[in-house]
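J.: here is a sequence together with a model predicted from it:
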Amino acid sequence: MRLTGHDVLKFDAFMPIYNWIYPLAGQPSKRFGPDRAVQVFLELPTAQSRALYVHIPFCETICTFCPFVRGKYQNESVIDVYVEALLSEIELKGRFRALTEVPVGAVFFGGGTPSILKPHHIRKLGKALGAHFDLSRLREFSFEFEVKSVTPERIEALLDIGVTHARFGLQTFSPEYRQLFELTATIDDIYSATKLLSDSFPYLSCDLLYGMNGQSEDDLLADIERVCELNIGNIDFYPINNLVTQHKLHQSFRDVNKQPVSGLTKFYMRLLLREALREKGFLPHNGHGWVRAPEDEIRRNPVVTDVYSFVYHEHVLGYPKHDLLGFGTNAVSSFTGFSVSNTPSRDDYIRALSSGELPMKVSEHDEAVDACRPIALALPYHGSVDRRTVDWDCVPSIVIDHLEELEQHKLV
């Protein structure tokens, strides 16, 4: 891709670019191999704030667009065993001072389908996190729902443990695409869940997809119109990532002769999203998130507004001295210089925790990786980065050259 100098078409090629780079895997650590992996928690650099991620790998429905580690829900006893393993991991990691002394800025329950947990599971996990980690400066506690599992009893349990942000996957209102994605919730389920969640939590957001094979401008505008009618304060619109969706979805698209949209089309869809949502009173607050903004902010029309911030992403995507600690199968922890990955196997995870072991592997990466994170992630994703937070001596010269070129083209 090369810069063109054109007012609108800034580059000579249009490629969908997805952030599947961070947290960076790096190279397997020689210092902290399988027998010494937990020792990495004794040598972590100091952080200012930390996010906690809890992975719940169960779903009642296996959606064909989803790339994440999860399995079909079978029965409650399987979840009981998994939650006990999670509690053991929380307790074991809670023994390391470097993990517990850093104040937690955000907690995120993701999956899978966290709302498949029963109220007693929710309360147990919330109590364990509060017992072992410093939540005194918590700014955001997010929990993901599947709309069919939204109940007053679960909501009560979540409020008991301090959840502030409810999130659910809507994906699309289109009956055709909902069938292709194998979504089993009805539109009535969506409306009912939205009402319950809006009445219960100060923040509510939903996820939608765009750029699907064969999707038209009218399809996208119809989704924008209907989601805005839900009167939700936050909306996340993601371009579908065809590199990681299931083969079954690709086959389904072929069966109904829906061809992939081009990179240029996705670019125009992004422009359409911005203008259509702005007319509805929304502005982008990061690379994919939109927030209902005050009228004076709408008139100012910033590239990225700062009236709202997704605190969890501040820790994952580029903010220096912010790191991430994960729990559960395939969960990733990201620190300066290190990444720690849990086993993706649920059986191996449960077996290890039942023996008092942490099923993890450690990777290391060069200091240039951490130096570039604010530039590669926070700058394009949040719209700005404080120069003082970047260790410029560690930033490779080619990155500096690209920044200068972007500045010349008034893109930075």
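T.: Looks like it arrived, so ask away.

J.: what's the helix or strand for the residue most central in space within the chain?
T.: Centroid-nearest residue in the chain: His313, 7.0 Å away (criterion: Cα atoms, centre = their mean). In this structure, His313 sits in helix 311-316 according to DSSP states H and E.

J.: and what about Leu129, helix, strand or coil?
T.: Following DSSP: H, G, I helix; E, B strand; the rest coil, we place Leu129 in the helix state.

J.: so it makes contact with Arg50?
T.: No. With contact defined as Cβ atoms under 8 Å, Leu129 does not reach Arg50; the gap is 11.8 Å. For the C-beta atoms, the positions are set from N, CA and C on the backbone; glycine is no exception.

J.: ok, back up a step: what's the first helix or strand after the helix holding His313?
T.: strand 322-327.

J.: just checking, what packs against the helix or strand just after that next one?
T.: Heading C-terminal from strand 322-327, the first helix or strand you meet, by DSSP H and E, is strand 332-335. Judged by 3 or more Cβ pairs under 8 Å, 6 or more residues apart in numbering; DSSP states H and E, strand 332-335 is in contact with strand 322-327, strand 338-342.

J.: okay, those strands in TSV with distance to Leu87 next?
T.: Shown next, in TSV, are the helices and strands packed on strand 332-335 (distance: least, Cβ to Cβ, whole Å):
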stretch	distance to Leu87
strand 322-327	10
strand 338-342	15
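
J.: ok, the residue nearest to the centre of the chain to Glu140 distance?
T.: 10 Å (Cβ to Cβ, to the nearest Å).

J.: returning to that earlier point: who wins for proximity to Pro103 among the helices and strands packed on strand 332-335?
T.: Pro103 sits nearest to strand 322-327 of all the helices and strands packed on strand 332-335, at 11.0 Å, using Cβ to Cβ.

J.: what's the closest non-adjacent residue to the residue nearest to the centre of the chain?
T.: In space, and not counting its chain neighbours, His313 is closest to Asn286: 6.2 Å by Cβ to Cβ, 6 or more residues apart in numbering.

J.: can you report how many residues neighbour the one you found?
T.: 21 (other Cβ atoms under 10 Å).

J.: sec struct for it, please.
T.: Assignment for Asn286 (three-state DSSP): coil.

J.: what does the pLDDT read for it?
T.: Asn286 carries a pLDDT value of 91.

J.: ok, it touching Phe310?
T.: Yes. Using Cβ under 8 Å, Asn286 is in contact with Phe310, at 5.9 Å.

J.: now do the same end-to-end measure for stretch 132-143.
T.: End-to-end distance of stretch 132-143 (Cα to Cα, to the nearest Å): 19 Å.

J.: so how far is it from its chain's centroid?
T.: In terms of Cα atoms, centre = their mean, to the nearest Å, the centre of stretch 132-143 is found 17 Å from the chain centre.

J.: sort out which residues of it are buried, please.
T.: Buried residues in stretch 132-143, counted by 16 or more other Cβ atoms under 10 Å: 132-133, 135, 138-143.

J.: in helices only, show me those residues.
T.: Using DSSP state H, the subset of these located in helices is His132.

J.: all strands for the stretch 51-200 of the chain, in order.
T.: Using DSSP state E, counting those that start in this stretch, the strands assigned to the stretch 51-200 of the chain run over residues 58-59, 71-72, 104-111, 140-145, 165-171.

J.: and the pLDDT for the residue nearest to Val340 when sequence neighbours are not counted?
T.: Spatial nearest neighbour of Val340, excluding adjacent residues (Cβ to Cβ, 6+ apart): Ser333 at 4.1 Å. In this model, Ser333 is scored at 94, pLDDT.

J.: Ser333 and Val316 touch, don't they?
T.: No. Taking contacts as Cβ under 8 Å, Ser333 lies outside contact range of Val316: 10.9 Å.

J.: count the neighbours of Ser200 for me.
T.: The number of residues packed near Ser200 is 17, by other Cβ under 10 Å.

J.: how much space between it and Phe143?
T.: Counting by Cβ to Cβ, the gap from Ser200 to Phe143 is 11 Å.

J.: what touches both of these two?
T.: Common contacts of Ser200 and Phe143 (Cβ atoms under 8 Å, 6 or more residues apart in numbering): Ala166.

J.: any chance of the helices and strands packed on strand 332-335 in TSV, with mean neighbour count and mean pLDDT too?
T.: TSV is the format used below for the helices and strands packed on strand 332-335 (neighbours: other Cβ atoms under 10 Å; pLDDT from 0 to 100):
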stretch	mean neighbour count	mean pLDDT
strand 322-327	24	95
strand 338-342	23	94
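
J.: select, out of those, the one closest to Gln39.
T.: strand 338-342 (11.2 Å).

J.: quick one: distance of that closest one to the chain centre.
T.: Centre to centre, stretch against its chain (Cα atoms, centre = their mean), the figure for strand 338-342 is 17 Å.

J.: in the helix or strand following that strand, which residues are buried?
T.: The helix or strand immediately downstream of strand 338-342 is helix 346-354, counting by DSSP H and E. By 16+ other Cβ under 10 Å, the buried positions in helix 346-354 come out as 346, 349-350, 352-353.
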